[in-house]
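Novice: sequence first, then the predicted structure:
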Amino acid sequence: MHKICIVTLSLGGGGSERYSALLSTMLSQKGHDVHIVSVKNSIEYEFLGTLFNLEKEVNGAINAIKKAKALYSYFKKHNFDIIIDNRTRNRFFNEFVWYRILFRNSKTISIVHSYFLKNYFPESSILVKIIYKKVDKIIAVSDKIKFEIEKKYGFKNVERIYSPVDTDRINAISRTYKKHPKRYILFFGRLDDDVKNISFLLKCYKNSDLVNKGIDLIILGSGKDKAMLKDKVENLSLSNSVLFVPYQSNPYSYVINALFTVLTSRYEGFPMSIIESLACGAPVVSVDCNSGPSELIKHRENGLLVENYNDVAFSKALSMLVNNQDLFLHCKKNTKISIEHLNINTVSLQWNKIIEGVIYEN
């Protein structure tokens, strides 16, 4: 058993935050003494271990020195064997404090969740080397991310571990879902058009056969662009066909009942929305962005994979999965089996192997 600390922005609101919760469960079930440091007081997902809620500990104070002192005391008190950093991190001075002061007495593993590496590495390669010099292992959640990190920075300590899915929990939830009255396809995620490109989705949906067939589009989530997207829906005369549903930490009743889900992102990492869709038995129509979709979706087997930014092709893909019943049923049949390798039990073994290697390496 090892004493492990998972550092996360929060335990609510997004895929990487859900990953932190799943990771705490996996490692706790392997017998490790797991602590979670959450920077923000957003706790929605189920987790296992001891929680240190930084924002709560400092009573919501925004003073950086006060936060740093609270963190320093906590890390010094517990003297962790390994710290697993699951935050985004690109501000040099901030990360210098975390990595060279707060983490200095522990082995360190850093997770990278996005192909957009600027979210995890400072602009300067020199500063990157300063921050990551003593990191024992970098975990990329997709093969393409691993390749890009190695190519851009020359690191030799990068491993790929795919994001897990708790299929047992999802199957249990699926037995209690409520039936929705209309047929629909589903987008679920953060309403950030710069990343998720939901404007593209609306255009493609408008130009597909779905509207005339009475198949709605549900957009489930919250974010900075909700008002703008609602305006676009109105301008496209789609107000009777597009429904906005607020963010929910448990979206599975909507996923399970969808004909299929959609992803139109400009970039990703290893999208939890695709994994969870397939776990719920919902095929996925996705653009082939960097990275993740091509490592999850087998074209015409568990969904459809379309060239990114090709609105004509994406509209045709939406129509195809509705009009071709044989293809739809074939894809639906293959959803759950296609992600068996991502089961939480399998991924936990991979994580345990990495941890043992870091602990006992010379």
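Specialist: On my side now, so go ahead.
Novice: after whichever strand or helix holds residue 218 comes which helix or strand?
Specialist: Secondary structure from DSSP states H and E places residue 218 in strand 216-220. Heading C-terminal from strand 216-220, the first helix or strand you meet, by DSSP H and E, is helix 226-235.
Novice: tell me what that following helix is packed against?
Specialist: With contacts taken as 3 or more C-beta pairs under 8 Å, 6 or more residues apart in numbering; DSSP states H and E, helix 226-235 sits against helix 198-206, strand 242-245. Placement of C-beta: from N, CA and C, glycine included.
Novice: ranking these by burial, who's on top?
Specialist: Comparing those by mean neighbour count (mean count of other C-beta atoms under 10 Å), helix 198-206 ranks first with a mean of 22.
Novice: sorry, back to before: so which of the helices and strands packed on helix 226-235 comes closest to residue 84?
Specialist: helix 198-206 (31.5 Å; C-beta to C-beta).
Novice: report the inter-axis angle for that closest one versus helix 226-235.
Specialist: 20 degrees (axes from the mean of the first three to the mean of the last three C-alpha atoms, to 10 degrees).
Novice: which residue is nearest the middle of the chain?
Specialist: What sits nearest the mean C-alpha location of the chain, by C-alpha atoms, centre = their mean, is residue 15, with 2.8 Å.
Novice: which residues are in contact with the nearest residue to that residue once chain neighbours are set aside?
Specialist: In space, and not counting its chain neighbours, residue 15 is closest to residue 272: 3.6 Å by C-beta to C-beta, 6 or more residues apart in numbering. Contact analysis of residue 272 by C-beta atoms under 8 Å, 6 or more residues apart in numbering lists 15, 18, 19, 163, 165.
Novice: next one: residue 197
Specialist: The contact partners of residue 197, taken as C-beta under 8 Å, 6+ apart, are 264, 265, 266, 287.
Novice: now residue 340: how far from residue 88?
Specialist: 30 Å (C-beta to C-beta, to the nearest Å).
Novice: of these two, which one has the most company?
Specialist: Ranked by neighbour count (other C-beta atoms under 10 Å), residue 340 and residue 88 place residue 88 first, with 15 against 11.
Novice: quick check, that one in contact with residue 122.
Specialist: No - in this structure, residue 88 is not within contact of residue 122 by C-beta atoms under 8 Å, at 11.9 Å.
Novice: coming back round to it: quick one: mark the members of the contacts of residue 197 that sit in strands.
Specialist: Under the assignment DSSP state E, these contribute residue 287 to strands.
Novice: by neighbour count, which of the contacts of residue 197 wins?
Specialist: In the contacts of residue 197, the most neighbours by other C-beta under 10 Å go to residue 264, 26 neighbours.
Novice: on that earlier part again, pipe the contacts of residue 197 into JSON lines and attach distance to residue 32 and pLDDT per row.
Specialist: Output for the contacts of residue 197, formatted as JSON lines (distance: C-beta to C-beta, whole Å; pLDDT from 0 to 100):
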{"residue": "264", "distance to residue 32": "38", "pLDDT": "98"}
{"residue": "265", "distance to residue 32": "33", "pLDDT": "97"}
{"residue": "266", "distance to residue 32": "37", "pLDDT": "96"}
{"residue": "287", "distance to residue 32": "38", "pLDDT": "98"}
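Novice: out of the contacts of residue 197, which comes closest to residue 60?
Specialist: Proximity of these to residue 60 (C-beta to C-beta) peaks at residue 265, which lies at 32.5 Å.
Novice: could you measure from that closest one over to residue 64?
Specialist: According to C-beta to C-beta, residue 265 and residue 64 sit 32 Å apart.
Novice: now swap in residue 241 and tell me
Specialist: Applying C-beta to C-beta to residue 241 and residue 64 gives a distance of 47 Å.
Novice: of those two, give the one with the bigger neighbour count.
Specialist: Set residue 241 next to residue 64 and count neighbours by other C-beta under 10 Å: residue 241 wins out with 19 against 11.
Novice: still on that earlier bit, doesn't residue 271 make contact with the residue nearest to the centre of the chain?
Specialist: Yes - counting by C-beta under 8 Å, residue 271 is a contact partner of residue 15 at 6.8 Å.
Novice: about what we covered before: and the contacts of the strand holding residue 218?
Specialist: Contacts of strand 216-220 (C-beta under 8 Å, 6+ apart): 182-189, 191, 198, 201-202, 205, 210, 229, 238, 241-248, 251, 254, 258.
Novice: how about stretch 308-327: buried residues?
Specialist: In terms of neighbour count (16 or more other C-beta atoms under 10 Å), stretch 308-327 has its buried residues at 308, 314, 315, 316, 317, 318, 319, 320, 321, 322, 327.
Novice: start to end distance for stretch 9-16?
Specialist: This stretch, stretch 9-16, spans 9 Å end to end (C-alpha to C-alpha, to the nearest Å).
Novice: which parts of the stretch 251-362 of the chain are helices?
Specialist: Assigned by DSSP state H, counting those that start in this stretch, the stretch 251-362 of the chain shows helices spanning 252-257, 272-279, 293-296, 311-323, 325-334, 344-360.
Novice: and the longest one, average pLDDT?
Specialist: Right, the one you point to is helix 344-360. Per-residue pLDDT values over helix 344-360 give a mean of 93.
Novice: in that helix, what's buried?
Specialist: For helix 344-360, burial by neighbour count (16+ other C-beta under 10 Å) applies to 344, 347, 348, 350, 351, 352, 354, 355, 358.
Novice: neighbours around residue 183, how many?
Specialist: 14.
Novice: chain neighbours aside, what residue packs nearest to residue 198?
Specialist: In space, residue 198 is closest to residue 229, 5.6 Å off (C-beta to C-beta, 6+ apart).
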